[in-house]
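J.: I'd like to go over a predicted model; first the sequence, then the structure.
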Amino acid sequence: MLRNMVRVAEENAVCLAQMAVEETGFGKVEDKTFKNHLAATILYNSIKDMKTIGIINEDKENKLIELAEPVGLVMGIVPSTNPTSTAIFKAMISIKSRNAIVFAPHPAAAKCTTKAVELMRDAAIEAGAPENIISAVTIPTIGATNELMKSKEVAIIIATGGPGMVKAAYSSGTPAIGVGAGNSPAYIERTANVEKAV
């Protein structure tokens, strides 16, 4: 299933990157294409052999067994800064851990996020997943996102976005994992080839 999702993500990496840049005005197509690749192939290569269900670790000396099981419905909050790669990444980790996921796209990135979600859903279904294992809010608004965070059906929130959205996820009453800004400053030394560095 994941292999099929990776194939579809790679086939559409450039198109999704173009959509994201056009819709949001953020970033460069080449960079977003590479992020889509990271969220698909690089992620897959790092998790494909990882056990995510059943006994995942056994410490016989201390008589401990670690068990992993699906949590149910995951809510994936998607930012406008990295919409398509975030959707690919969260869809893949949800499927790997045998969970369903519903996405709440940022309103400023609704079209490209919805396209990425549809591609991941169709690829998963084509490989045998149940219908609607991957879905998205049809009319994304901040209000809809806030409402979904408090839904009894949502087992856990994976919130990627600004400090306000991450704080709202933490304060929703639903267990949440928050991911804030990932952009870090870079220093380009004066003798560097600036065009190549940027």
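T.: Now that the structure is in, tell me what you want to look at. Keep in mind that what you see is a predicted model, and the values were worked out from it rather than measured. Numbering: from 1, shown residues only.
J.: Surely Phe103 forms part of a helix?
T.: No: counting by DSSP: H, G, I helix; E, B strand; the rest coil, Phe103 is located in no helix; its state is strand.
J.: how near is it to Asp122?
T.: Using C-beta to C-beta, to the nearest Å, we find Phe103 at a distance of 14 Å from Asp122. Backbone N, C-alpha and C define where each C-beta goes, glycine included.
J.: Those two: who's more crowded?
T.: Phe103 (29 against 15; other C-beta atoms under 10 Å).
J.: Assess the claim that that one and Ser135 are in contact.
T.: Yes: taking C-beta atoms under 8 Å as the definition, Phe103 is a contact partner of Ser135 at 7.1 Å.
J.: what is in contact with these two at once?
T.: Val117 (C-beta atoms under 8 Å, 6 or more residues apart in numbering).
J.: ok, and the closest non-adjacent residue to Arg88?
T.: Just to correct that, residue 88 is Ile rather than Arg. Ala39 (4.1 Å; C-beta to C-beta, 6 or more residues apart in numbering).
J.: count of neighbours near that neighbour?
T.: Per other C-beta under 10 Å, the neighbour tally for Ala39 reads 25.
J.: what residues are up against it?
T.: Contacts of Ala39 (C-beta under 8 Å, 6+ apart): Ala9, Ser85, Thr86, Ile88, Phe89, Met92.
J.: tell me the SS of the residue positioned nearest the centre of the chain?
T.: In the chain, the C-alpha nearest the mean C-alpha coordinate belongs to Lys90, at 2.7 Å (C-alpha atoms, centre = their mean). Put simply, Lys90 is helix when judged by three-state DSSP.
J.: Excluding chain neighbours, give the residue nearest to it in space.
T.: Gly76 is the one closest to Lys90 (C-beta to C-beta, 6+ apart), at 3.9 Å.
J.: closest to Ala129 among the contacts of Ala39?
T.: For the contacts of Ala39, the residue nearest Ala129 by C-beta to C-beta is Met92; the value is 11.9 Å.
J.: Roughly how far does the closest one sit from Pro175?
T.: 20 Å.
J.: So these two - more neighbours on which side?
T.: Met92 (24 against 12).
J.: what residues are up against that one?
T.: Leu2, Met5, Val6, Ala39, Ala40, Leu43, Tyr44, Ile47, Met120.
J.: pretty sure Ser151 is in a helix, no?
T.: No: read with three-state DSSP, Ser151 is coil and lies in no helix.
J.: any idea how far it lies from Met50?
T.: In terms of C-beta to C-beta, Ser151 sits 29 Å off from Met50.
J.: okay, those two: which has more neighbours?
T.: Using other C-beta under 10 Å, the more surrounded residue of Ser151 and Met50 is Ser151, with 14 against 10.
J.: All set now, cheers.
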